[in-house]
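>>> missing the sequence, but the structure's below:
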């Protein structure tokens, strides 16, 4: 069984036990979060209607905060002596999918 969920502005394919990196969430380590399901596939049974998906729950446990790769940014203007170097690391949250259930 797997599901397509909306997590951090993107759609991710998840199954129970998967570890996923999403945009930073304001929650503590060890707490539980719920993601909205967009599609659920259970063998040959595919659930895609919005009314049916309202009963499904995809839960995840927060493992911790991680950072993305360093991005180097260079600004340069020719013949003026202007150059500027910056860097950026995007903060992410690592979560582990604990269950995909038809809850309600």
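Arrived safely. Since we're looking at a predicted model, the values are computed, not measured.

>>> any idea how far the residue nearest the centre of the chain is from residue 75?
Centrality entry for the chain: nearest residue to the mean C-alpha point is residue 22, 2.9 Å, by CA atoms, centre = their mean. Distance, residue 22 to residue 75, using CB to CB, to the nearest Å: 30 Å. Using the backbone N, CA and C atoms, a C-beta is placed for each residue, glycine as well.

>>> who touches stretch 68-87?
Stretch 68-87 has contacts (CB atoms under 8 Å, 6 or more residues apart in numbering) with 88, 89, 90, 91, 92.

>>> now swap in stretch 96-104 and tell me
Contact partners of stretch 96-104, identified using CB under 8 Å, 6+ apart, comprise 1-3, 14-20, 32, 37, 40, 54-61, 63.

>>> select only the buried ones of these in ChimeraX?
Per 16 or more other CB atoms under 10 Å, the buried members of those correspond to this ChimeraX selection:
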select :2,3,14,20,37,40,56,57,58,59,60
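
>>> show me where pLDDT drops low in this structure?
103-104 (pLDDT under 70).

>>> where do the strands of it begin and end?
Under the criterion DSSP state E, the chain contains strands at 2-7, 10-15, 19-23, 32-35, 37-42, 45-47, 56-67, 71-77, 82-88, 91-102.

>>> so which of the ones you listed is the most packed in?
strand 2-7 (a mean of 19; mean count of other CB atoms under 10 Å).

>>> in its sheet, what does that one sit against?
The pairing partners recorded for strand 2-7 under DSSP bridges are strand 10-15 (antiparallel), strand 37-42 (antiparallel).
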